[in-house]
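>>> coords please:
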Amino acid sequence: MVIQREAGRSKLWTALTVIVLLYVFICGIKLMGGGCKAMKKQAFVNELLTTTANPFVGLFVGILVTSIIQSSSATTSIVVALVAEGTLAVPAAIPIVMGANIGTTVTNTLVSMGYVMRREEFRRAISGAIVHDVFNVLVVIVLLPLELAFGVLQKGAEWLTALLPQSGGGLDVKGFNPLEPILAPTLNLIYGLLGGKPTRPDWTAGVCVLIGLVCIFFALIMLVRVLRRMMLGKAEAFITRVLGRSGWMGILIGLVVTAMVQSSSITTSVMVPMAAAGIITVAQIFPITVGANIGTTITALIASLAGGEHGIDGVTIACIHCLFNIVGMLIFYPVPLLRRIPPALAMKVGDLAAESRKMALVYIFLLFFGVPGAMIFLYRLF
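Got it, this is the predicted structure:
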């Protein structure tokens, strides 16, 4: 009985911690978005927005930023906040979100480097890690041109947001956002300490952006840590128990586990040691990574609840992030011929990396840092 009561208290404290961290996260989104909106007229911000207006540069920005901070959730949440406050346009935000999907795969690829001294284990580990990279790159190659030409994702997301509560012929964002009165006391306290809500590009706007970013990163890091401690052991056992039953079951596992731990990097990184040990094949890892891509979009959807002057656009870009991963799954997974492409390419790269292990480091540097950084630099230079 005593043990049961202690377990019950532990679960209660964990649940309260998660709620508090989500509250801090959404407050951070509001503060950062409001500060960026006030700073919109500054030359530096205008230059940054002009740079990301080029879709290919936006893609590379998404890859580079996410590779550095190793969290697509943080990148997409920041993008949602900027869009919701009207600082960043939806079309300019879409390539950044796509780039974030590629950048987040750096974590599991780095995990695979832990096996670099054992050739066969490294071959299996890096193949299992890279299947996530390959899939996301292929989806971007297919969907980015379609989005630029026809706006398929934006139109689909706008159709979805049109289903939300309407008022006077348009979306009633405040009516849709039940968090406004809950967030108001904390936000008003912070604004009061700063002398009022920032309305122009001064020091208060910069402080709001800084506080917002700190809140976002702190909340996400702690949220992932808490949920990982609570769920990871159970998730590993669950994954091992149902592996191989069905590819669609693998997608569901990846989605649910990632939504619970709030990090696709954790889900996919768990697969790497299992692949290195030969417990799981690249073909079995693939559907789990597909599901993880969809599960990680929950963070952006939560961020969109913070609302803003252009709250409907924030919801739209969060829906685009979700649609991007769902459509990618529908393109590559149901058709057996297409389904075999990402694992086959990943195993080919794994073979090459195992034969020349220095090339694995070159691959990581070029894909996640070198090429994106060089493209951004060249664009700004010319």
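
>>> Remind me which helix or strand the nearest residue to Val97 once chain neighbours are set aside belongs to.
Leaving out its chain neighbours, the residue that sits closest to Val97 by Cβ to Cβ, 6 or more residues apart in numbering is His321, at 4.9 Å. For glycine as for every other residue, the C-beta is placed from the backbone atoms N, C-alpha and C. Applying DSSP states H and E as the criterion places His321 in helix 311-332.

>>> Buried ones in that helix, by neighbour count?
Neighbour-count burial for helix 311-332, counted by 16 or more other Cβ atoms under 10 Å, picks out 311-325, 327-329, 332.

>>> next one: it to chain centre, how far?
12 Å (Cα atoms, centre = their mean, to the nearest Å).

>>> just checking, next helix/strand downstream of that helix?
Criterion used, DSSP H and E; the element after helix 311-332 is helix 336-339.

>>> which other residues reach that following helix?
247, 286, 331-333 (Cβ atoms under 8 Å, 6 or more residues apart in numbering).

>>> which of those sit farthest apart?
Gly247 and Ile331 (14.8 Å; Cβ to Cβ).

>>> How about Ile130, nearest residue that isn't a chain neighbour?
Looking at Ile130 with Cβ to Cβ, 6+ apart, the closest residue is Ala346, at 4.5 Å.

>>> ok, that neighbour touching Asn136?
No - between Ala346 and Asn136 there is no contact under Cβ atoms under 8 Å: 11.6 Å.

>>> measure Met329 to Leu252 for me?
11 Å (Cβ to Cβ, to the nearest Å).

>>> With Leu183 instead?
For Leu183, the distance to Leu252 - Cβ to Cβ - is 33 Å.

>>> can you check Ser112 too?
25 Å.

>>> Kindly report the same for Val134.
22 Å.

>>> Quick one: low-confidence residue ranges for the chain.
1-9, 39-52, 165-179, 201, 224, 227-228, 230-245, 307-309 (pLDDT under 70).

>>> one step back: now the contacts of helix 336-339 as CSV including distance to Ile68?
Conversion of these to CSV gives the following (distance: Cβ to Cβ, whole Å):
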residue, distance to Ile68
Gly247, 33
Phe286, 27
Ile331, 29
Phe332, 28
Tyr333, 30
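
>>> and which of these is nearest Ile102?
The nearest one, if we look at those relative to Ile102 and count by Cβ to Cβ, is Phe332, at 15.0 Å.

>>> Would you check that that closest one makes contact with Arg340?
No - using Cβ under 8 Å, Phe332 makes no contact with Arg340, being 9.6 Å away.

>>> Spit out the residues that contact these two alike.
Between them, Phe332 and Arg340 share no contacting residue, judged by Cβ under 8 Å, 6+ apart.

>>> what about Met375, neighbour count?
Residues near Met375, counting by other Cβ atoms under 10 Å, number 18.

>>> what's the answer for Val131, then?
30.

>>> Quick check: it is in a strand.
No - counting by DSSP: H, G, I helix; E, B strand; the rest coil, Val131 is not found in a strand; it is helix.

>>> tell me the contacts of it?
Neighbours of Val131 in contact, by Cβ under 8 Å, 6+ apart: 282, 285-286, 289, 342-343, 346.

>>> do the same with Thr107
70, 265, 268-269.

>>> how about the residues you listed, which pair is most distant?
Among these, Gln70 and Thr268 lie farthest apart (Cβ to Cβ), at 12.1 Å.

>>> Which parts of the stretch 51-200 of the chain are strands?
If DSSP state E, counting those that start in this stretch is used as the criterion, the strands of the stretch 51-200 of the chain fall at 166-167, 170-171.

>>> where's Arg123 relative to Glu355, distance?
9 Å.

>>> Between the two, point out the one with more neighbours.
With neighbours defined as other Cβ under 10 Å, Arg123 and Glu355 compare such that Arg123 has more, 22 against 10.
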